[in-house]
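Trainee: build the 3D model from these lines:
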Amino acid sequence: MEKIYYGNNQHQFGELRLPEGDGPHPVAVVIHGGFWRSEYGIEQINAVAENLAENGWATWNIEYRRVGHGGGSWPGTLLDVAHATDYVRTLADTYPLQLNNVVTIGHSAGGHLALWLAGRHRLPESSELHTREPLNIKSAVSLAGVLDLRMMHKVHDIRNKAVGGEPNNPTADLLGGSPEEVPSRYNEASPSALLPLDVTQVLVHGALDVHVPIGISQHYYREAEEFGDFVKLVELPNAEHFMVVDPSTEAWAEVLEEMELLK
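Mentor: Residues are numbered from 1 along each chain as shown. Sure, this is the predicted structure:
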């Protein structure tokens, strides 16, 4: 494993792992979750990056500025993952990587970012998130991903009213407000609002997930199909939120099967 900085900030780095063999290797851009918050970092998904590397993938496990970091939230969090992904081109100058087979794979909030990366080529030039010549993504994999930011905002609103106490809405924290307050940000940051992505998409979600309801993936799947995207939904009846990123589980074995098909 090699730690490589794609920017000047302490959080703008990735960890590159290469599989055995000469390559060139298919590339998995691995993105951790944690509702985009500073207290949750890259170590959450190290086991996934390591396991994918053991199974033939070059993995670029990326870190990024998050809510609570200077320059994090809107637009820094999204721009960081964009720049980290585009940096794969630079890595390919030194390492044996297949630039024609780059897959983004993320968990929870990282699932949101994985599909957003696959759809950001649809952003208007006027967007704060627009970057020139984004790296072509062949496939995107969401593991219990937050694929509809408006819906996730609503879920947290409902929970807040049910339990009371201090308001807690990570989606609003990321984007700097509610869908009513900053509608354009939800349009530009939510994968569901960027459909069709014109990229192969695989959604894996456990039915027992209490952090990100499976209904978000189900709704997104129906929308993506209606737009004509190639999208596959893998529902795991016995899995909760974290099983899909635990290499010791049957849930992860199913994820690995899907990844094998994308090589």
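Trainee: ok, now which ones touch T249?
Mentor: Contact analysis of T249 by Cβ atoms under 8 Å, 6 or more residues apart in numbering lists 239, 243. C-beta here means a position set from N, CA and C on the backbone, and glycine is covered the same way.
Trainee: could you report the pLDDT at it?
Mentor: pLDDT, T249: 97.
Trainee: isn't D198 right up against F227?
Mentor: No: contact between D198 and F227 fails when scored by Cβ atoms under 8 Å: they sit 9.2 Å apart.
Trainee: the closest residue to T200 other than its chain neighbours bridge partners, please.
Mentor: When the adjacent residues along the chain are set aside, T200 lies closest to S139, with 4.2 Å between them (Cβ to Cβ, 6 or more residues apart in numbering). On DSSP bridges, the residues paired with S139 through beta bridges are V103, T200.
Trainee: so S139 touches L197, yeah?
Mentor: No: counting by Cβ under 8 Å, S139 does not reach L197; the two are 10.4 Å apart.
Trainee: overlap in contacts of the two?
Mentor: With Cβ under 8 Å, 6+ apart applied, the overlap between the contact sets of S139 and L197 consists of A118.
Trainee: got the residue ranges for the helices in the stretch 1-150 of the chain?
Mentor: Assigned helices in the stretch 1-150 of the chain, in chain order: 46-54, 76-86, 88-91, 109-119, 149-163 (criterion: DSSP state H, counting those that start in this stretch).
Trainee: now tell me what touches the lowest-mean-pLDDT helix or strand in the chain from outside.
Mentor: With mean pLDDT, DSSP states H and E as the measure, the helix or strand of the chain carrying the lowest mean pLDDT is helix 149-163 (a mean of 88). By Cβ under 8 Å, 6+ apart, the surrounding residues in contact with helix 149-163 are 112, 146, 167-172, 174-175, 178-179, 186, 189-190, 192-193, 212-213, 216, 219.
Trainee: now do the end-to-end distance for stretch 172-182.
Mentor: Looking at stretch 172-182, the gap from its leading to its trailing residue is 9 Å under the measure Cα to Cα, to the nearest Å.
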